[in-house]
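Got a predicted structure plus its sequence, pasted below:
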Amino acid sequence: MRVLLGCAAVLILSCTATSMQDKKDETIDAKKLVGKWQPNDKKTPLTIEFAADGKLTMTIGEAGKDIKMEGTYKLDGRKLDVQLKFMGEDIKEKLTIKKLTDDELVTEDSKGKEEKLNRKK
């Protein structure tokens, strides 16, 4: 009986691990990424716009007093490589998309910091 329970436990754990690996390798629908996104907290005046052609615009601040940065992005599976230009400097960041729905985008940067964004309506 103990052997049977042990085998069942191993089977359950291996299925769970396989399921988690499948989720990690799952690709993201790039069409869902396209659009304007804002931080979840609404306190930070930031808008990130992903265009269908791989271009990216980040606007910080309020209209008339805003700073714009332009760049590109590349989506590979769940990995999002972002490159921006600001005051002559190249800024590069590698993000992992943790969640992407029609209304929510959750990313994790290379340092493990998680960012939640909502689609701007």
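Cool, got the structure.

The biggest strand by length in the chain - contacts with which helices or strands?
Longest strand of the chain, by residue count under DSSP state E: strand 89-100. Applying 3 or more C-beta pairs under 8 Å, 6 or more residues apart in numbering; DSSP states H and E, one finds that strand 89-100 makes contact with helix 30-33, strand 67-76, strand 79-86, strand 104-108. All C-beta spots, glycine's among them, are computed from the backbone N, C-alpha and C.

Now do the longest one against strand 89-100: the angle between them, please.
For strand 67-76 against strand 89-100, the angle by axes from the mean of the first three to the mean of the last three C-alpha atoms, to 10 degrees is 60 degrees.

which residues touch strand 67-76?
The contact list for strand 67-76 (C-beta atoms under 8 Å, 6 or more residues apart in numbering) reads 28, 30, 33, 50, 54-61, 80-86, 91, 97.

Contact partners for residue 114?
Neighbouring residues of residue 114 by C-beta under 8 Å, 6+ apart: 98, 106-108.

roughly how far apart are it and residue 84?
20 Å (C-beta to C-beta, to the nearest Å).

Likewise for residue 68?
Computed as C-beta to C-beta, the residue 68 to residue 84 distance reads 10 Å.
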